[in-house]
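Colleague: 3D, please:
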Amino acid sequence: MRGASGLMLISAACVLAGCASGPGGEVATRAQSQLVGMPKARLLSCAGVPARQAEAAGNEYFTYVQRPSYAGGGPSTSIGVGGGSGGVGVGLGFGLPLFSSGGDSGCEATFTISGGVVQRLTYPAGSHLPSCAAIVENCVPPS
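Modeller: Numbers count the residues shown, from 1 in each chain. Coordinates of the predicted model:
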């Protein structure tokens, strides 16, 4: 019985934390190897137009940006005054984002293209991999 309750506690913690390395993170990781060799035209077809493009030393760099899914601030407070039917009420409250993803910092995915094909896909350190998956999911073949 003790093992089952421990498993339930771990599962609950994982759900509350958002399990940042879930299936989306796995797709983003697979993309780093599976998209190497993809023709530039196919990349543009499945990922769309990049947010930024650059050229240097014979390479092209396409950067795609996925904004954080939760852009809310921290706790909020409010004061309310109400009345009706002869009564008056004053209230003070505050809210906490208990079920937010919290760690979602979004993602930037940069493709290095040389000779008309993808040579490399990189994400900055600390990227939220499920957000990165949103960039590449239309390009990665199903597992």
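
Colleague: drop to CA atoms for contacts and neighbour counts, all remaining ones
Modeller: Noted.

Colleague: helix or strand for A133, which one?
Modeller: Here A133 sits within helix 129-136, counting by DSSP states H and E.

Colleague: Could you name the helices and strands sitting against that helix?
Modeller: Helix 129-136 sits against helix 23-34, helix 40-47, strand 59-66, strand 107-114, with contacts defined as 3 or more Cα pairs under 8 Å, 6 or more residues apart in numbering; DSSP states H and E.

Colleague: Point out the most buried one among the ones you listed.
Modeller: Burial of the helices and strands packed on helix 129-136 is given as mean neighbour count (mean count of other Cα atoms under 10 Å); strand 107-114 ranks first at a mean of 22.

Colleague: Show me what that strand is packed against.
Modeller: Counting by 3+ Cα pairs under 8 Å, 6+ apart, the packing neighbours recorded for strand 107-114 are strand 59-66, strand 117-122, helix 129-136.

Colleague: rank those by pLDDT, which is bottom?
Modeller: Ranked by mean pLDDT, those end with helix 129-136 at the bottom, a mean of 92.
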